[in-house]
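Colleague: Return a 3D structure for these sequence lines:
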Amino acid sequence: MSESDQHRVRTVSELRAIVGEMIPAVEVKLSAALDAVTIDFVKQSPFLVLSTANAEGEQDASPKGDGPGFVLIEDERTFVIPDRPGNRLVFGLENILANPHVGVLFLIPGTPETLRINGTAEITRDPALLERLTARGKPAVLGIRVHIEECFFHCAKAFLRSQLWKPESWPERKRISFGKIMAAKLGADADQIDKAIEEDYRTNL
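Modeller: Numbers count the residues shown, from 1 in each chain. This is a model prediction of the structure:
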């Protein structure tokens, strides 16, 4: 047995022996529907991460963002995430077609607590709904309707530890060059690729 296998946690009982049992009072924060507080959080959130998995359990996490309130709340158990022009890989959308179970993490800049929602999703192309999800003069390409099964606020500890919302702790912006990543594979010029991507950022949100 390798050293890594020797220290691998394999059972729930082993896990609980290390982290302890769940605090009973924590279960109180779990809900199967939105309420006034969670609705207000979603309406103020400009950014979320959508977690999906395919039929084999292979996972993907996709960022979604727009102006605060970009997610449409249909009722206390349902909301719709607009899908806008992107890289067309559609990993998350394909996953939803194979496996509807999703997790969503809502964030508000400067607020260390986050809102976690688990449920099932479906993809809609309803023209009237996509028109309601219009931004910058363009309707959404598709809508991702999420049916809520569980929602709760996550505590602030991860954000406090990482100092994510403290600008004084931020490093200089790290520039990612898709040109350098893709040029050799495409047989193209890296600078031209980066310029094309910057133009896409300006004109195709």
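Colleague: mind checking which helix or strand residue 161 is in?
Modeller: In this structure, residue 161 sits in helix 157-162 according to DSSP states H and E.
Colleague: Could I have the CA atoms of that helix written out in CSV?
Modeller: Below are the C-alpha coordinates for helix 157-162, written out as CSV (Å, rounded to 0.1, in the frame of the first residue of the first chain):
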residue,chain,number,x,y,z
LYS,A,157,-14.7,31.7,6.5
ALA,A,158,-13.4,30.8,3.0
PHE,A,159,-13.5,34.5,1.9
LEU,A,160,-12.1,35.7,5.2
ARG,A,161,-9.2,33.3,4.9
SER,A,162,-8.5,34.1,1.3
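Colleague: If you count neighbours, what's buried in it?
Modeller: For helix 157-162, the buried set under the neighbour-count rule, 16 or more other C-beta atoms under 10 Å, comprises residue 159. No exception for glycine: its C-beta is placed from N, CA and C like everyone else's.
Colleague: which other helices and strands contact that helix?
Modeller: Packed against helix 157-162 by the contact rule (3 or more C-beta pairs under 8 Å, 6 or more residues apart in numbering; DSSP states H and E) you find no helix or strand.
Colleague: so how far is that helix from its chain's centroid?
Modeller: On the basis of C-alpha atoms, centre = their mean, to the nearest Å, helix 157-162 is displaced by 18 Å from the centre of the chain it belongs to.
Colleague: Spatially central residue for this structure, please.
Modeller: The geometric centre of the chain, computed from its C-alpha atoms, lies nearest to residue 49 (C-alpha atoms, centre = their mean), at 0.7 Å.
Colleague: re the thing from before, any idea of the mean pLDDT for the helix holding residue 161?
Modeller: For helix 157-162, mean pLDDT is 96.
Colleague: Output the contacting helices and strands for the helix or strand just after that helix.
Modeller: Counting by DSSP H and E, the element after helix 157-162 in chain order, helix or strand, is helix 178-186. Judged by 3+ C-beta pairs under 8 Å, 6+ apart, helix 178-186 is in contact with helix 190-203.
Colleague: Need the residues that contact the helix it packs on.
Modeller: Contact with helix 190-203 is made by 177, 178, 179, 180, 182, 183, 186, as judged by C-beta atoms under 8 Å, 6 or more residues apart in numbering.
Colleague: Could I get the contacting residues of the first one?
Modeller: Taking C-beta under 8 Å, 6+ apart as the criterion, residue 177 is in contact with 190, 194.
Colleague: Could you list the domains of this protein?
Modeller: 24-164, 171-205 (automatic domain parsing).
Colleague: Tell me how many other residues surround residue 175.
Modeller: Neighbours of residue 175 under the rule other C-beta atoms under 10 Å: 6.
Colleague: Which pLDDT value goes with it?
Modeller: With respect to pLDDT, residue 175 has a value of 88.
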